[in-house]
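Engineer: Sequence first, predicted coordinates after that:
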Number of protein chains: 4
Amino acid sequence: MKRIGILTSGGDAPGMNAAIRAVTRKAIYEGMEVYGINYGFAGLVAGDIRRLDVADVGDKIQRGGTFLYSARYPEFATVEGQLKGIEQLKKFGIEGLVVIGGDGSYHGAMALTRHGFPAVGIPGTIDNDIPGTDYTIGFDTAINTVLDALDRIRDTATSHVRTFVIEVMGRGAGDIALWAGVAGGADDIIIPEHDFDMEDVAKRIQAGRDRGKKHCLIVLAEGVMGGNEFAEKLAKYGDFHTRVSILGHIVRGGSPSARDRVLASKFGGYAVDLLKENKGGLCIGIENEQIVARDIIDTLENNKHKPDLSLYQLNRELSV
Amino acid sequence: MKRIGILTSGGDAPGMNAAIRAVTRKAIYEGMEVYGINYGFAGLVAGDIRRLDVADVGDKIQRGGTFLYSARYPEFATVEGQLKGIEQLKKFGIEGLVVIGGDGSYHGAMALTRHGFPAVGIPGTIDNDIPGTDYTIGFDTAINTVLDALDRIRDTATSHVRTFVIEVMGRGAGDIALWAGVAGGADDIIIPEHDFDMEDVAKRIQAGRDRGKKHCLIVLAEGVMGGNEFAEKLAKYGDFHTRVSILGHIVRGGSPSARDRVLASKFGGYAVDLLKENKGGLCIGIENEQIVARDIIDTLENNKHKPDLSLYQLNRELSV
Amino acid sequence: MKRIGILTSGGDAPGMNAAIRAVTRKAIYEGMEVYGINYGFAGLVAGDIRRLDVADVGDKIQRGGTFLYSARYPEFATVEGQLKGIEQLKKFGIEGLVVIGGDGSYHGAMALTRHGFPAVGIPGTIDNDIPGTDYTIGFDTAINTVLDALDRIRDTATSHVRTFVIEVMGRGAGDIALWAGVAGGADDIIIPEHDFDMEDVAKRIQAGRDRGKKHCLIVLAEGVMGGNEFAEKLAKYGDFHTRVSILGHIVRGGSPSARDRVLASKFGGYAVDLLKENKGGLCIGIENEQIVARDIIDTLENNKHKPDLSLYQLNRELSV
Amino acid sequence: MKRIGILTSGGDAPGMNAAIRAVTRKAIYEGMEVYGINYGFAGLVAGDIRRLDVADVGDKIQRGGTFLYSARYPEFATVEGQLKGIEQLKKFGIEGLVVIGGDGSYHGAMALTRHGFPAVGIPGTIDNDIPGTDYTIGFDTAINTVLDALDRIRDTATSHVRTFVIEVMGRGAGDIALWAGVAGGADDIIIPEHDFDMEDVAKRIQAGRDRGKKHCLIVLAEGVMGGNEFAEKLAKYGDFHTRVSILGHIVRGGSPSARDRVLASKFGGYAVDLLKENKGGLCIGIENEQIVARDIIDTLENNKHKPDLSLYQLNRELSV
């Protein structure tokens, strides 16, 4: 393979630029050419494609977001869209494609694979909800951003002896809430993957107050319900001077953490290794500290991401 | 004066601990004793008072919030509450009081002054909305926290070519929105102190898009309206792929900035200078880089905080 | 086991407090008592020991350093010192000990184990140079601190078209240099575990300049040589406008990262699980994402930490 | 005036990009054209000049360093160099020049002024050592960077009961040391503008230890002497477990603080106001919160920057 394309798709995540840089640099190191596709699959179909050189990815590794832009593009779910995309790739002489993104992006890569075009998926999303990998690019940065917010809110919660419900992103997954909650010393973590009982939540808040605890932080995954809804339901069991904080989009941005940049660099390098050997239809991941590649169709159809629920139990024990 | 008290009241602000430390250390340096009062005026009335020593304020300068806690206490608006508070102060032999806080806190200090008890106010609030000073303790940290959020959101806004409405704290004042907006390169800043026209806002967003601008950031002071309400009204003039981010309480916390710690140290030291000379009924401020003290009754009754509106015009010119 | 002790020893590392908190909370959750020993093995021998309660470890998870203090204490290498330590532990009714620290700390734990006193080691050091674990507590924070410095230095290096040699901690290990170097987009990484040729370094700097590269960052592990010495030797091969930055002790401090806090919490919880079952003589680690415990004597005598050298090769390929 | 040039010179400072952006945007707003000159006076003489458009300064406000690069260029001290520079400016039709930088940069601007070419100086340096302004662009960011380092070092100093000498930049001025020292709760601040006695320093360290103080931080301005030299001299008066940290170049970089970006925006806007009215030979500053312009020749020849020495005394009182 002599010429590869790269695009980012779905929600942006810190470290996407580091992955684009790694793919570009590694491919050039291997004697290949790289073309960047703007605006994800929308740009692919539209032919918004340009050559990337070593200098194009200089001074990018530290930047949040994606300099290739991203876009939602439901039209790519149609065979017509997919074939149009492949036509564009061939027009530019591109023989293989690297897709960085989440769930939807992987489905696009799977579709190309089914049409016989070699595509490789790199998991890039803050939500950590992609099968086939322990961690996605952006997750480590996101939990540190949430943690920074928790540390700030703890100041105010302690100063005013308040309860805070902090709603965090994660779509259907509780990973961000779990990790940031344990790291932030949350009193409770509410995630989609584990039942909870509001009366029980209230009892534990009260027990903490009775022991003289000055603050109470509840980290709530958005996949369960909204923060304001949660606070309203909690209020039925007592007045805990509750405030709600919805972290929202600040968690998506920011300069990527060391771990996210290293992970992105490894993933990007490995994607080129695979395409160089004409291996497509794969998604890359890290499993038990090893960089791996799995069949993308099988992974999407037969696997499901699971959070580390031992953290849930651990937090329960440490928040006595 | 040989023994002074100190309390924090109202919303917590980064740098309050640095001010408590400065008052305590300076007073001890001057041969006086210091008593800390927990939970603001509520703790004053309840007699929740304890001696503060040099070591009690060690390792506190860098911490957000207030280690003396704060509380709302509307009961202090009554003469009965005020006299009870003075009784408690006298019980502990306290001859003068330093009150760190915002608007409401100043009214408490004014009441004590009217009853003949020497009180000195130090402006501590993130909102910068206190008369008698150019800057309050906590404002500089708050605008940097908002700025950090703006920089993160810009990553996502650019990656997805979106418009973001970022609602920031400030109560009735637009200072946080103004400063953070100029520093963050906001496309528009909406504050209570300046009219705005929604159609005009929409036109400028569209003009930016037409010029190829990838992101649009609108910083909205909470004193105008909520972020979601603003976005709904904006939507009537076009679809700008708008998202809303409500920064909320994360802006109150965090380790204070260098400037807030220096300001808090100067204010705290000066408060002790005044009380040492038995001067009460004053509020401290910084005006044109000079530390000043003004009559607290006159300041509250006859002055009003005004933001630096030249920033509004400047931002308009720089966001072409 | 009903009563356990805990101490931190050797160089402090971010996350040690999170580990102390986890041990304390988990032990109390399990119905055990916890005693904190100040100043490491020195405090153990001196009997500087006190009960730790739930509240003693509140508001500590986010703090750098160790609130139990640390100290070098070569005297603990003597049998006399060790027996004196065990005597103190028995005096307080302590039946098992958790030691958080690096190399030297582990040797202390091993000595206690040899005398029949159950000790469990938790790897806490920024250097990541402990056998029996993929990661130590503090390493993730340290590489992010170095990364922040690299990002800052890149600003200046680019603005002035300069070469920077950045010396980073790590004692005999190159882990910090490797990870931070890859994450920071270093042009070269010099570590003890891999040969380097100064002429080759110079050639690659010159090649970068010839391609129009504005900055050159060389990350140097202190275990190879000092930054100034390196710069002097490099100068023999050309004038690259070289500056030296020795990051030093700023890398040891700071609020721990999310990952370090989670790791510390897991390690701390597991240490209590082991002691509860009267299992001592073990060192805890994370291997391939699993929390494990190994024989401490065997681990120290027969294992050696190895850095992930694939990062070295990857960086070479990405810094074309 | 219809066309202006802009360059940055001397050491880079955070906020320089914000100033370039402000000059560019404001000038375009006023109907003027802007040309950016790379590499300071060196690029001016060499004619390394290009048109700057609105988009060229987009996404730059948050970046450290200077995207116009900087360089030392002693040759500009010669009349020949100056006339060559003016020749280049005229070749591009440039009628006025904005120079952002420190001491040396101002001398270049003064030279152009003497030759009749309208130049306006904007003070941009972390050192805050420019006459004619209370604050320079970059100073606020720099003191926060130093403060972050002090907070980190305090963790280690406390954990190990050590004394740290922290050498900070500032050339001949003590401003960075003074502000960061007060904000960081330094035990001592050593600056060129105030005498010190090493025996007295040692006595105060010992007094702190006798009172049970766990850490001792001494902030040393590089203009006094180097950190290692200081530690050696201190060692003659006792063993205080002293460590040295030389912060060096990390203090120059990083994303500018809110205050630096606002200041840079105001300065940049005002520079255009002046040039629009054909006013040259001026240097811009902020004095007592007012943006001012003074004669650059008079300012450089008859004024000298003085730090706020009241901070020195305040720190002495608060470090009891």
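Structural biologist: On my side now, so go ahead.
Engineer: correct me, but A:Ser245 touches A:Gly226?
Structural biologist: No: the pair A:Ser245 and A:Gly226 does not pass the contact test of CB atoms under 8 Å, sitting 11.9 Å apart. To be clear about C-beta, it is placed using only N, CA and C from the backbone, and glycine gets the same treatment.
Engineer: any residues in contact with both of the two?
Structural biologist: A:Glu167 (CB atoms under 8 Å, 6 or more residues apart in numbering or on different chains).
Engineer: Look at these two and report which has more neighbours.
Structural biologist: Neighbour count, other CB atoms under 10 Å in any protein chain shown: between A:Ser245 and A:Gly226, A:Ser245 has more, with 24 against 14.
Engineer: what does the model give that one for pLDDT?
Structural biologist: On pLDDT, A:Ser245 comes in at 96.
Engineer: Could you give the number of residues near A:His215?
Structural biologist: Other residues close to A:His215 by other CB under 10 Å number 22.
Engineer: any idea how far the residue nearest to A:Thr8 when sequence neighbours are not counted lies from C:Ile4?
Structural biologist: Leaving aside its chain neighbours, A:Thr8 sits nearest to A:Thr66 (4.1 Å; criterion: CB to CB, 6 or more residues apart in numbering or on different chains). Using CB to CB, to the nearest Å, we find A:Thr66 at a distance of 49 Å from C:Ile4.
Engineer: list the contacts for the residue nearest to A:Thr8?
Structural biologist: With contact taken as CB under 8 Å, 6+ apart, A:Thr66 is in contact with A:Thr8, A:Asp12, A:Met16, A:Asn17, A:Ile20, A:Ile100, B:Ser159.
Engineer: For ChimeraX, write the select line for the buried members of those residues.
Structural biologist: What follows is the ChimeraX syntax for the buried subset of the contacts of A:Thr66, where burial is set by 16 or more other CB atoms under 10 Å in any protein chain shown:
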select /A:8,12,16,17,20,100 /B:159
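Engineer: Can you add pLDDT and secondary structure and give the contacts of A:Thr66 back as JSON lines?
Structural biologist: As requested, the contacts of A:Thr66 are arranged in JSON lines below (pLDDT from 0 to 100; DSSP: H, G, I helix; E, B strand; the rest coil):
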{"residue": "A:Thr8", "pLDDT": "97", "secondary structure": "strand"}
{"residue": "A:Asp12", "pLDDT": "95", "secondary structure": "coil"}
{"residue": "A:Met16", "pLDDT": "98", "secondary structure": "helix"}
{"residue": "A:Asn17", "pLDDT": "98", "secondary structure": "helix"}
{"residue": "A:Ile20", "pLDDT": "98", "secondary structure": "helix"}
{"residue": "A:Ile100", "pLDDT": "98", "secondary structure": "strand"}
{"residue": "B:Ser159", "pLDDT": "93", "secondary structure": "helix"}
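Engineer: what's the closest of the contacts of A:Thr66 to chain C?
Structural biologist: A:Asn17 (10.8 Å; CB to the nearest CB).
Engineer: now that closest one: how far from D:Glu317?
Structural biologist: For A:Asn17 relative to D:Glu317 (CB to CB), the value is 49 Å.
Engineer: can you check A:Lys203 too?
Structural biologist: 50 Å.
Engineer: Have a look at those two and say which one is more surrounded.
Structural biologist: D:Glu317 (16 against 13).
Engineer: I'd like to know which elements the helix or strand containing that one is packed against.
Structural biologist: Per DSSP states H and E, D:Glu317 falls inside helix D:310-318. Secondary-structure packing of helix D:310-318 (3 or more CB pairs under 8 Å, 6 or more residues apart in numbering or on different chains; DSSP states H and E): helix B:16-29, helix B:258-276, helix D:175-183.
Engineer: and if we set it to 10 Å?
Structural biologist: Applying 3 or more CB pairs under 10 Å, 6 or more residues apart in numbering or on different chains; DSSP states H and E, we find helix D:310-318 packed against helix B:16-29, helix B:258-276, helix D:175-183, strand D:188-190.
Engineer: if we can go back for a sec, can you give me the pLDDT of the residue nearest to A:Thr8?
Structural biologist: pLDDT for A:Thr66: 97.
Engineer: Near chain B, which residues of the stretch 101-250 of chain A are found?
Structural biologist: A:141, A:145, A:148-162, A:164, A:166, A:214-215, A:241, A:243-250 (CB under 10 Å from any CB of the partner chain).
Engineer: If any of those residues are buried, put those into a ChimeraX selection.
Structural biologist: In ChimeraX, this line selects whichever of these come out buried by 16+ other CB under 10 Å:
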select /A:141,145,148,149,150,151,152,153,154,155,156,157,158,159,160,161,162,164,166,214,215,243,244,245,246,247,248,249,250
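Engineer: mind listing which of the residues of the stretch 101-250 of chain A next to chain B are in helices?
Structural biologist: A:141, A:145, A:148-160 (DSSP state H).
Engineer: Nearest residue to A:Thr156 in space, please, no chain neighbours.
Structural biologist: Here the residue nearest A:Thr156, using CB to CB, 6+ apart, is B:Arg252, at 4.6 Å.
Engineer: Which positions in the stretch 1-150 of chain A make contact with chain C?
Structural biologist: So the stretch 1-150 of chain A meets chain C at A:15, A:18, A:21-26, A:28-30, A:54-55, A:57-62, A:134-135, A:139-148, A:150 (CB under 10 Å from any CB).
Engineer: which residues sit in contact with A:Asn128?
Structural biologist: Contacts here follow CB atoms under 10 Å, 6 or more residues apart in numbering or on different chains; on that basis A:Asn128 touches A:13, A:102, A:134-140, A:142-143, A:170-171, A:173-176, A:178-179, A:305, A:307-308.
Engineer: Now do the SS call for it.
Structural biologist: Under DSSP: H, G, I helix; E, B strand; the rest coil, A:Asn128 falls in the coil class.
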